[in-house]
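>>> below is the sequence, then the predicted model.
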Amino acid sequence: MNTTKENSIIKWFRKPFPLVESTNDKVLISLGSGVVVVCILILIKPFGLESYNGIFFFLAGFGVIDFIITALNLFLLPLLVPHFLKSTSFTTGKNLLIILWILLNISFVNYFYSNFMIDKIYPTNFESHNSISFSKWVTMTFSVGIIPVIFALYYIEKRFFWINSSRAENLNKETSKPHQDKLGKQIQLKSNKDTTLTINSADLICVKAEGGNYASVYWYEKNSTKTELIRMTLTGFMENTNTTDALVRCHKSYIINLNKVISYQGNARSILIQLEGLDFSVPLSRSFPRNKLKRSN
């Protein structure tokens, strides 16, 4: 029984989770986190306080610290550990680790801030107060933060899973018929082997960005899937090749052929597209217009 529970927890930690990428979302999350901290302090009255007269700005400082530390981590961590914070492989467990790291940072700054303020700025308000050790600050911060964090993660994961699964189900219903485009145009691409690839657009499956100015092209040839690395960006591919309406850039890293779509599936992180001939799924950008995926009758 315990092993089953442990396996369920591990499975939940490995579930896909949406990565916060937009600047507005990062600022709002940081601001909301700081406001929640101030509200919690007002409710629990720390340090044996019976009144907040004269020290409201002291307590508000903890909210400011929370806002600054959270914002710095949300903006800097993707630059410092980009491989850990990839949107296509971000999970609930990774998100929990990031939150625990942020809580530890906040505990560290709160420790020095509180001791300085209590000893130097508000000594008369805390005459009977003894300095709180760093380990106690960590315990206090994690005790206050970890429970709502777990509940929030669970709620967000379930909600986004339901939203994306519903959208994927609708897309499967709306795109059940072939896309009526006049395919059959020849696409000529310069491969990394100093040769020219000539691919019929009807056989193209997808194009995947590989970083820098390179991309991998996947296509059908003699009933098998072929792949080749080319020196071209996805933007360059869309602009400089004879593309058709069936070829769309569904994600910053992928161009797909709508006629090769098998199905759409949803998880908490995104909607995934399963294409013919591929052993991996292609993510659908949250900002991609869904009506572009609808196929004509």
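Looks like it came in fine. Model, not experiment: these values are computed from the prediction. Residues are numbered from 1 along each chain as shown.
>>> switch to C-alpha atoms for all contacts and neighbour counts from now on
Will do.
>>> could you verify that Ser143 is part of a helix?
Yes - the assignment for Ser143 by DSSP: H, G, I helix; E, B strand; the rest coil puts it in a helix.
>>> neighbours of it, how many?
Neighbour count of Ser143, defined by other Cα atoms under 10 Å: 11.
>>> and it, how close does it get to Glu228?
Counting by Cα to Cα, to the nearest Å, the gap from Ser143 to Glu228 is 52 Å.
>>> do Ile106 as well
From Ile106 to Glu228 the distance is 48 Å (Cα to Cα).
>>> measure Lys252 to Pro283 for me?
For Lys252, the distance to Pro283 - Cα to Cα - is 9 Å.
>>> oh sorry, the question was meant for Phe108
Phe108 sits 38 Å away from Pro283, going by Cα to Cα.
>>> what do you get for Ile205?
Here Ile205 is placed at a distance of 14 Å from Pro283 (Cα to Cα).
>>> same question for Phe112.
Using Cα to Cα, Phe112 is found at 44 Å from Pro283.
>>> now stretch 215-228: buried residues?
215-220, 228 (16 or more other Cα atoms under 10 Å).
>>> most widely separated two among these?
Using Cα to Cα, the buried residues of stretch 215-228 reach their maximum pairwise distance at Ala215 and Tyr220, which is 16.8 Å.
>>> please, where are all the strands along this structure?
Ranges of strands in the chain, per DSSP state E, are 186-190, 196-200, 204-209, 214-221, 224-231, 247-251, 254-257, 261-266, 271-275, 281-284.
>>> Asn259 and Ile199, how far apart?
From Asn259 across to Ile199, the span is 15 Å (Cα to Cα).
>>> now swap in Thr141 and tell me
Separation of Thr141 from Ile199 (Cα to Cα): 59 Å.
>>> same deal with Ile156?
According to Cα to Cα, Ile156 stands 43 Å off from Ile199.
>>> these two: who's more crowded?
Between Ile156 and Ile199, Ile199 has the larger neighbour count (other Cα under 10 Å), namely 19 against 16.
>>> what about Phe280, neighbour count?
The burial count assigned to Phe280 is 11, neighbours taken as other Cα under 10 Å.
>>> over to the one 5 residues further on?
Counted by other Cα under 10 Å, the residues lying close to Ser285 total 17.
>>> same question for Asp66.
Under the neighbour criterion other Cα under 10 Å, Asp66 is assigned a count of 28.
>>> mind pulling up the pLDDT for the nearest residue to it once chain neighbours are set aside?
Of all residues not flanking Asp66 in the chain, Gly34 sits nearest, at 5.0 Å (Cα to Cα, 6 or more residues apart in numbering). In this model, Gly34 is scored at 89, pLDDT.
>>> quick one, what contacts Gly34?
Counting by Cα atoms under 8 Å, 6 or more residues apart in numbering, Gly34 makes contact with 62-67.
>>> which of those residues lies closest to Ser87?
Nearest to Ser87 among these is Phe67, at 23.2 Å by Cα to Cα.
>>> ok so, going back, pLDDT and distance to Gln186 added to the contacts of Gly34, as a markdown table?
As requested, the contacts of Gly34 are exported to a markdown table (pLDDT from 0 to 100; distance: Cα to Cα, whole Å):
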| residue | pLDDT | distance to Gln186 |
| --- | --- | --- |
| Phe62 | 87 | 62 |
| Gly63 | 90 | 60 |
| Val64 | 93 | 59 |
| Ile65 | 92 | 58 |
| Asp66 | 91 | 56 |
| Phe67 | 93 | 54 |
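>>> all set, thanks.
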